[in-house]
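Colleague: Okay, here's the prediction I keep looking at, along with the sequence it came from:
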Protein chains: 2
Amino acid sequence: MFRSHNCGALRASDVNKMVTLSGWVQGIRDKGFMVYVDLRDRYGITQLYFDEEQSSTELLEKAKKLGREFVIKVEGTVTERASKNPNIPTGEIELLVSDLDILNKSAVPPFTIEDNTDGGDDLRMKYRYLDIRRNPVKNSLIFRHKVAQEVRNYLSKQDFIEVETPYLIKSTPEGARDFVVPSRMNEGQFYALPQSPQTFKQLLMVGGMDKYFQIVKCFRDEDLRADRQPEFTQIDCEMAFVEQEDILNTFEGLTRHLLKSIHNVDIASFPRMTFDYAMKTYGNDKPDIRFGMEFGELNAVAQHKDFNVFNSAELVVGIVVPGGNTYTRKEIDKLIDWVKRPQIGALGMVYCRYNEDGTFKSSVDKFYDQDDLAKWAEVTGAKPGDLICVLSGETNKVRAQLSALRMELAERLGLRKPNEFAPLWVVDFPLLEWDEDTERYHAMHHPFTSPKPGQIELLDTDPGAVKANAYDLVLNGNEIGGGSIRIHDKPTQAIMLKHLGFSDEEAKAQFGFLMDAFEYGAPPHGGIAFGLDRLVAILGGQETIRDFIAFPKNNSGRDVMIDAPAPIDEEQLNELHLSLNLKS
Amino acid sequence: MFRSHNCGALRASDVNKMVTLSGWVQGIRDKGFMVYVDLRDRYGITQLYFDEEQSSTELLEKAKKLGREFVIKVEGTVTERASKNPNIPTGEIELLVSDLDILNKSAVPPFTIEDNTDGGDDLRMKYRYLDIRRNPVKNSLIFRHKVAQEVRNYLSKQDFIEVETPYLIKSTPEGARDFVVPSRMNEGQFYALPQSPQTFKQLLMVGGMDKYFQIVKCFRDEDLRADRQPEFTQIDCEMAFVEQEDILNTFEGLTRHLLKSIHNVDIASFPRMTFDYAMKTYGNDKPDIRFGMEFGELNAVAQHKDFNVFNSAELVVGIVVPGGNTYTRKEIDKLIDWVKRPQIGALGMVYCRYNEDGTFKSSVDKFYDQDDLAKWAEVTGAKPGDLICVLSGETNKVRAQLSALRMELAERLGLRKPNEFAPLWVVDFPLLEWDEDTERYHAMHHPFTSPKPGQIELLDTDPGAVKANAYDLVLNGNEIGGGSIRIHDKPTQAIMLKHLGFSDEEAKAQFGFLMDAFEYGAPPHGGIAFGLDRLVAILGGQETIRDFIAFPKNNSGRDVMIDAPAPIDEEQLNELHLSLNLKS
């Protein structure tokens, strides 16, 4: 037996018990006549001690030779500590060791196993198994488990059935790039790994499964941006015989449950906001509504003077920095530099100070008088002591720029509080979006999303204006889920695929099985998918997902710990009927 | 709103309520002046009716035109049935329909959506979404969900953490063939899909995660036998600071919990049996112990006469068919034919009738007298009225043959009762097994399995005799789980890999990360993995797994519903730096 208790279990009530513990040596303090060892496992830390009065010389010497991260088993007596440590649950006791067994030695770890480590990202990834011993990573993984369990238990209680859909499916050129898997038994043919179980969950609805969910890995072979992973986890859900309202209510329930069970937070208001409103008010379809700083559109009160920058702009729009009038000129110049960075791309920024005495001082005083600026303040909601920041230009671009500025300012002002949660639904998304590269419309959500009733005719005349029965769940400025009511009849699906540029043959080859299924009594259905990695990170009060994934890949899609991907044998290639076609 | 209730909900207490239901038309009975419709959804069936006295002509006509599997929504009043149907929970009521909405029509389905369908396997697989509407498949999937939930909740309560390990990993030639995934971003390199998360779960132990589980898809590119799938699901578990006994107790607990929570069955005895004992007694390392029919080895009582078949055999072994003396000569001849089938491969079978009057009549009376045969009866445990079946030959082969006969006879005798459950542990497996094809030893479990203490030296002198800290969980004649205590130090792992034929370079290239990890304080650890597909099938009282998998593949690894795998675009191949190398 390796242990009678774990390293987080012992309390003052256990004093005088003989116990056995196992774990890692977190640290050693050698006082000569006494040796203290902090013994660590997943559950906590227990202080061990050896002293020359009560321990044999042999035992004391053995203890002195322990190194960091050695794995040991000890037997001993729980004693009350003279100086208690109120910072750890076991701080009232320590263990007088009577027997010490070294289960495994450890080389000196490449970085310290402490909350604040000296290890850089690359080193931590290479030795991820050591990184996982650190509390921040270990606790993130345990937190992820807890969230997943809460999701499963909540949905199960709501009659959802978790059904496993296949991983070896068929490649579809729509959407992102697929990872493919050559088939040995079917010469020259390939499986694809799913980007999502979309068509399968729809088939489960056709199959009468009624309420489906699955926590499932999905795969996208994209050029990786920071904080994207080639494999990621979704909470994938679908319901039959539902309208949009049913789905929003169900998953509002799930979100409330998670926030309550995990953070004991009750969400008072769970707003629903149209896509158009969100874009107009926050410049963004995933607004962070933990704070205000809503957009004020200034065209009506800023395009009547000789300031050509504004007059030639499609949109002039401002936000208020609360208390921002304290910013020095230098600080404001830095803000202007910030919006002019290529990542943001604004050409400049107009600002207007709202002085405590009620007067205004703007960077465009040459063009606008106090009455004009008072109207800006009115539209943007500025108060004395605030600063108004104004951008102008093409609507979509300037909204994105001002949205970025809004988030940056909120971050600096401490308005994005990690322990405050403000979920909302964004609804009425456009069905299609124009793609500059391919010069055609793409499905904004996916090709199975249903247009709003009565709008299908608009597809021919004004495709960009067609709204979809699609919705996103947004939490603290992040899209954590998105879904739609689906098309459930063959003619509508055919029209949709045609408008997305599929020929009849392509549509049949790729989605024929789904269109066929629609002919055998497909019920109305819809669903949603949550990105679990991000959901967990945000619930954990963080914005980066990497420490919530046990073994993440780097930006080249590599696992640097196991050194994958890697070349394979010639024999393996031959069996797969493949040859390499390398440039070099 | 599509429904106020589901089709399994309404009871006599709901009479006179106005309700809305949606579902599929299971059947229609048109009596001219009245039309009855069975409306079905996942939850049950509700009888609807339309009649010429209470319904409009238009509504009645509409109902008459409904077809099987049409999707409809109805509003109506719950009424008490004149003739109640005690076979369904809603059998006390029916619904007088006041409004009928056809949500979707259906073509005539290719097979009937009933418990006993007229659809063959191929048709059912092609239209799996219709097959899933049938109770046997639907209920199997719901049952699977329930089992998985029970597993997760039980293990979570025992402090296990579910950690997701990566799917895109590295190919290792040990074991079965990997499915590989070409990397676009890492030219000429491939990921592999995991055959199991073995190394990752061990690294999680090195990482201090202490207790890990995961319900996870695994992949093997094998030539498929019946009832094998290229992708399958495991309940994968690992624990640190444990000995074999800790693991057996933990997962005996899980097994008891599943049988109790799912079948309300308490398991009185949970035997542990060595591999050697199981082979000797049942000819098999996964014995079905719901019934006896244990092997009696007859060498001592059958090799003293002139019967050369027995005298030249390594093993002479018999089993008793309870009550088998009633078999006619013709029936026994059929049994002999059965064991001589190439799948079984016996050269013949000797039998001995134990008559009710205490005399014996055998097929080898020429060689053995009544006293000899009485000893056979004693060794095999035969009683008057029984039949003794005896096979002989090379030990391993004859054990396998007699084990097959034992299972076949038990099946015929109705001794393999689907609702009876008899789990056991088989322990002390050999570490290595001799592979005839490659003429070398392979790891019986995998290369990370720890030999029994003190046996590592035997590897050099008598490799086949080394026993491992390995165990299988067997239920009703099926291996449902298997695991081992792992090696957790680099020197032992190196010795093991060397004995499995890895050069130092190969060992380093493939398992270097694991061996490195062992140098930084790896704790003693071990684990187990259950095959979820089979576990669920057996708990569900069945032996074939296919209906417990939503979208299974056929024996060529094809999904005939979506028609995968399939060729991919030339462009996709180019991006992956691959070209096809086809024979034809």
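Modeller: Sure, I can see it.
Colleague: got the end-to-end distance for stretch A:39-56?
Modeller: End-to-end distance for stretch A:39-56: 20 Å, by Cα to Cα, to the nearest Å.
Colleague: Can that stretch be said to contact chain B?
Modeller: Yes. Stretch A:39-56 reaches chain B (Cβ under 8 Å from any Cβ of the partner chain) through A:40, A:41, A:42, A:43. Every C-beta, even on glycine, is put in place using the N, C-alpha and C of the backbone.
Colleague: what about burial for those residues, which qualify?
Modeller: Buried positions within the residues of stretch A:39-56 next to chain B, assessed by neighbour count (16 or more other Cβ atoms under 10 Å in any protein chain shown), are A:40, A:41, A:42, A:43.
Colleague: Just to be sure, the first one is in a strand?
Modeller: Spelled out, that is residue A:40. Yes. Counting by DSSP: H, G, I helix; E, B strand; the rest coil, one finds residue A:40 located in a strand.
Colleague: distance between stretch A:419-436 and the chain's centre?
Modeller: Relative to the centre of its chain, stretch A:419-436 is centred 15 Å away, using Cα atoms, centre = their mean, to the nearest Å.
Colleague: now swap in stretch A:432-447 and tell me
Modeller: With Cα atoms, centre = their mean, you get 24 Å for stretch A:432-447.
Colleague: For it, measure first residue to last.
Modeller: 9 Å.
Colleague: same check, this time on stretch A:177-190
Modeller: Taking Cα to Cα, the first and last residues of stretch A:177-190 lie 14 Å apart.
Colleague: Could you pull out the buried residues of it?
Modeller: A:177-186, A:188-190.
Colleague: Give me the average confidence score over that stretch.
Modeller: Mean pLDDT, stretch A:177-190: 93.
Colleague: Report the residue spans of the stretch 201-350 of chain A with pLDDT below the cut-off.
Modeller: The model of the stretch 201-350 of chain A has pLDDT under 70 over residues A:226.
Colleague: Residue of it closest to chain B, please.
Modeller: residue A:207 (3.2 Å; Cβ to the nearest Cβ).
Colleague: Spatially nearest residue to that residue (excluding sequence neighbours)?
Modeller: Leaving out its chain neighbours, the residue that sits closest to residue A:207 by Cβ to Cβ, 6 or more residues apart in numbering or on different chains is residue B:132, at 3.2 Å.
Colleague: And for residue A:492?
Modeller: Take residue A:492 and drop its neighbours on the chain: the residue closest to it by Cβ to Cβ, 6+ apart is residue A:456, 6.7 Å away.
Colleague: Now name the helix or strand holding the one you found.
Modeller: For residue A:456, there is no host helix or strand (DSSP states H and E).
Colleague: For it, which residues are in contact?
Modeller: Residue A:456 makes contact with A:466, A:492, A:495, according to Cβ atoms under 8 Å, 6 or more residues apart in numbering or on different chains.
Colleague: With respect to chain B, which of those is nearest?
Modeller: residue A:492 (11.1 Å).
Colleague: My guess is the closest one contacts residue A:449. True?
Modeller: No. Contact status for residue A:492 versus residue A:449: not in contact, 10.8 Å apart, counting by Cβ atoms under 8 Å.
Colleague: out of these two, which sits in the busier spot?
Modeller: Neighbours per residue, other Cβ atoms under 10 Å in any protein chain shown: of residue A:492 and residue A:449, the larger number sits with residue A:449, 21 against 15.
Colleague: mind checking the SS state of the nearest residue to that one once chain neighbours are set aside?
Modeller: In space, and not counting its chain neighbours, residue A:449 is closest to residue A:484: 4.0 Å by Cβ to Cβ, 6+ apart. Under the three-state scheme (three-state DSSP), residue A:484 adopts strand.
Colleague: what do you get for residue A:338?
Modeller: Relying on three-state DSSP, one would call residue A:338 helix.
Colleague: Give me the distance between it and residue A:332.
Modeller: Using Cβ to Cβ, to the nearest Å, we find residue A:338 at a distance of 10 Å from residue A:332.
Colleague: Equivalent analysis for residue A:548, please.
Modeller: Distance, residue A:548 to residue A:332, using Cβ to Cβ: 37 Å.
Colleague: These two - which one has more neighbours?
Modeller: Taking neighbours as other Cβ under 10 Å, residue A:548 and residue A:332 compare with residue A:548 leading, 25 against 18.
Colleague: tell me the contacts of that one?
Modeller: Contacts of residue A:548 by Cβ under 8 Å, 6+ apart are A:140, A:141, A:143, A:144, A:533, A:536, A:537, A:540, A:542.
Colleague: Name the helix or strand for the closest residue to residue A:155 other than its chain neighbours, please.
Modeller: Nearest residue to residue A:155, sequence neighbours excluded (Cβ to Cβ, 6+ apart): residue A:213, at 4.8 Å. Element membership of residue A:213, judged by DSSP H and E, is strand A:211-219.
Colleague: Kindly report the same for residue A:145.
Modeller: Residue A:145 belongs to helix A:135-157, assigned by DSSP H and E.
Colleague: what ranges do the strands span in the stretch 251-400 of chain A?
Modeller: A:272-274, A:296-297, A:315-321, A:350-354, A:360-362, A:387-393 (DSSP state E, counting those that start in this stretch).
Colleague: about what we covered before: pull up the overlap in contacts between residue A:492 and residue A:449.
Modeller: Overlap of the contact sets of residue A:492 and residue A:449 (by Cβ under 8 Å, 6+ apart) is empty.
Colleague: mind checking how far the nearest residue to residue A:518 once chain neighbours are set aside is from residue B:24?
Modeller: Once flanking residues are discounted, residue A:518 sits nearest to residue A:490: 4.5 Å by Cβ to Cβ, 6+ apart. Look at residue A:490 and residue B:24: by Cβ to Cβ, they are 17 Å apart.
Colleague: more crowded one of those two?
Modeller: Neighbour count, other Cβ under 10 Å: between residue A:490 and residue B:24, residue B:24 has more, with 24 against 16.
Colleague: The more buried one contacts residue B:42, doesn't it?
Modeller: No. Between residue B:24 and residue B:42 there is no contact, the gap being 10.0 Å when judged by Cβ under 8 Å.
Colleague: got any residues that touch both of those two?
Modeller: Here residue B:24 and residue B:42 have residue A:208 as joint contacts, going by Cβ under 8 Å, 6+ apart.
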